[in-house]
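> quick one, structure for this:
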Amino acid sequence: MKSESKEVVRSIFKDPLSVLKLGNPQIYENMTIIPLIIQDDKFIEYISIKEAEELELIEIVETDTVNQLEVVNKSNKQILIPFGMTVKGGKQDRTIWEPILLPVGGKQNVFKDKYETINQKYSIPAKCIEQSRWDYTGKRGFKTTNMRLHPNVAYESISAAGQGAVWGEIQAHRSEMNYAAGVAPTQSYLEMTKNTEKLTDKIIKNFENVNNQCGVAVFINGELIGIEFYANPNAWKTMSKDILKAFSIEALRFKDKHSKNEISDFHDEFLKLFQKLSLRYSSREGVGLGNVVEFTCKDNKWRGITLVHEENLVQFYLVSKRGGYQAQSHPEIQFQTNISQRYTI
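Purely as a prediction, here's the structure:
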């Protein structure tokens, strides 16, 4: 099954137009997006974690381990926790560093509470995005935020990189954006990015969703920097502002740089780069449903992650890294929990 999942991912790189239709480019200043439109009308049915929170159908709580959180699905629906989601609370803010599709009910470690509703509890992998805090300042639980990881931090969060690389990139971002010394004293990524929220909000207002859009390809200064799409257009619609806001941080980082490329056909540029990437693939069983597939360009310029379930790409994320933190090497520190440890009673 894992090898089949890798083949599904390979096929999208060989022929992206078998799955996606490319919408008309939308341009604002140095940022250009191509809406990605899903070709197949057989969508995977799930709701996003943000929708689940609004309906009080999910709970995320602290554990004794920094790199694990505990999540309870209180619903009769599949719930998607996307890669790059940030959560605030507990002893420090975290990011979820792999896409997770929580199943409906299930046979493993299902229990009933006093109201006889079926819950299912999972341990999920997390990384710290607030280096200098380890105490409770409020509730012990977590809530999602409207700030996703921007590409450079996301690149370092994919599991081949260790926790130190994530902290290094957050510090590099602080330096690049020239935040004042008093900003984010606990080195909180979420506190830092609040300072550019008005600017990112201004950027994303210039982009519109189109019918059946499931994702986006993003160019900054004429260079393709990232791609993200989902197997359900409703999930994209729910999370699109947060995703575009994260990509727009790259527009701010490079707003004073001159464009290297004058592109006459963004579709052609997207297809050429997408198909020429030489990637290494690895696959593992997901926390919930499906298999997680990671892929890295042989020159380490591009890195990506996806969740494959029923031969569909539940979430697909691919980014390149530009500037920022430069480690001598990426230590092979794996924060993935063992499968036997992921399910708790």
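> so which elements touch the lengthiest strand in the chain?
The longest strand of the chain (DSSP state E) is strand 118-128. When contacts are defined as 3 or more Cβ pairs under 8 Å, 6 or more residues apart in numbering; DSSP states H and E, strand 118-128 sits against strand 68-73, strand 94-96, strand 100-102, strand 110-112, helix 163-177, helix 339-342. From N, CA and C alone the C-beta is placed, and that goes for glycine too.
> looking at those, which has the lowest confidence?
When the helices and strands packed on strand 118-128 are ranked by mean pLDDT, helix 339-342 comes last with a mean of 29.
> show me where the stretch 1-150 of the chain has its helices.
2-14, 49-54 (DSSP state H, counting those that start in this stretch).
> residue ranges in this structure under the pLDDT threshold?
Within the chain, the segments meeting pLDDT under 70 span 1, 41-42, 105-119, 138-139, 161, 258-261, 327-345.
> max-length helix in it?
helix 233-253 (DSSP state H).
> where's Lys198, which helix or strand?
helix 197-204 (DSSP states H and E).
> quick check: angle from that helix to helix 233-253?
For helix 197-204 against helix 233-253, the angle by axes from the mean of the first three to the mean of the last three Cα atoms, to 10 degrees is 120 degrees.
> C-alpha coordinates for helix 197-204, CSV please?
Written as CSV, here are the backbone C-alpha positions of helix 197-204 (Å, rounded to 0.1, in the frame of the first residue of the first chain):
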residue,chain,number,x,y,z
GLU,A,197,-1.1,40.8,9.4
LYS,A,198,-2.4,44.1,8.1
LEU,A,199,0.0,43.9,5.1
THR,A,200,-0.8,40.3,4.4
ASP,A,201,-4.5,40.9,4.7
LYS,A,202,-4.2,43.7,2.1
ILE,A,203,-2.4,41.4,-0.3
ILE,A,204,-4.9,38.5,-0.1
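> and the next helix or strand past that helix?
strand 213-220.
> following element in sequence after that following strand, please.
Following strand 213-220 in sequence, per DSSP H and E, is strand 223-230.
> packing partners of that following strand?
Applying 3+ Cβ pairs under 8 Å, 6+ apart, we find strand 223-230 packed against strand 31-38, strand 213-220, helix 233-253, helix 266-276, strand 312-320.
> picking that back up, pick the most buried one from the helices of the stretch 1-150 of the chain.
helix 49-54 (a mean of 20; mean count of other Cβ atoms under 10 Å).
> how about the longest helix of the chain: buried residues?
233, 235-236, 238-253 (16 or more other Cβ atoms under 10 Å).
> what does stretch 30-37 contact?
20-26, 203, 207, 209-222, 227, 229, 244, 247-248, 250-251, 254-255, 257, 259, 263, 266-267, 270 (Cβ atoms under 8 Å, 6 or more residues apart in numbering).
> give me every residue that touches Trp236.
Asn209, Gln213, Cys214, Gly215, Phe229, Tyr230, Ile243.
> and the helix holding Lys198, what's buried?
Thr200, Ile203, Ile204.
> from Ile220, how far out is the closest residue to the second one other than its chain neighbours?
Take Ile203 and drop its neighbours on the chain: the residue closest to it by Cβ to Cβ, 6 or more residues apart in numbering is Ser248, 4.2 Å away. Here the criterion is Cβ to Cβ, to the nearest Å. By it, Ser248 lies 9 Å from Ile220.
> from the chain's centre, how far out does stretch 71-86 sit?
Chain-centre distance of stretch 71-86: 13 Å, with Cα atoms, centre = their mean, to the nearest Å.
> can I get the contacts of Trp236 in CSV with distance to Leu80?
Below are the contacts of Trp236 laid out as CSV (distance: Cβ to Cβ, whole Å):
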residue, distance to Leu80
Asn209, 18
Gln213, 17
Cys214, 13
Gly215, 13
Phe229, 13
Tyr230, 8
Ile243, 13
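> so which of those is the most crowded?
Taking other Cβ atoms under 10 Å as the neighbour criterion, Tyr230 ranks highest of the contacts of Trp236 with 32 neighbours.
> would you confirm that that residue contacts Gln315?
Yes - using Cβ atoms under 8 Å, Tyr230 is in contact with Gln315, at 5.6 Å.
> good, we can wrap up now.
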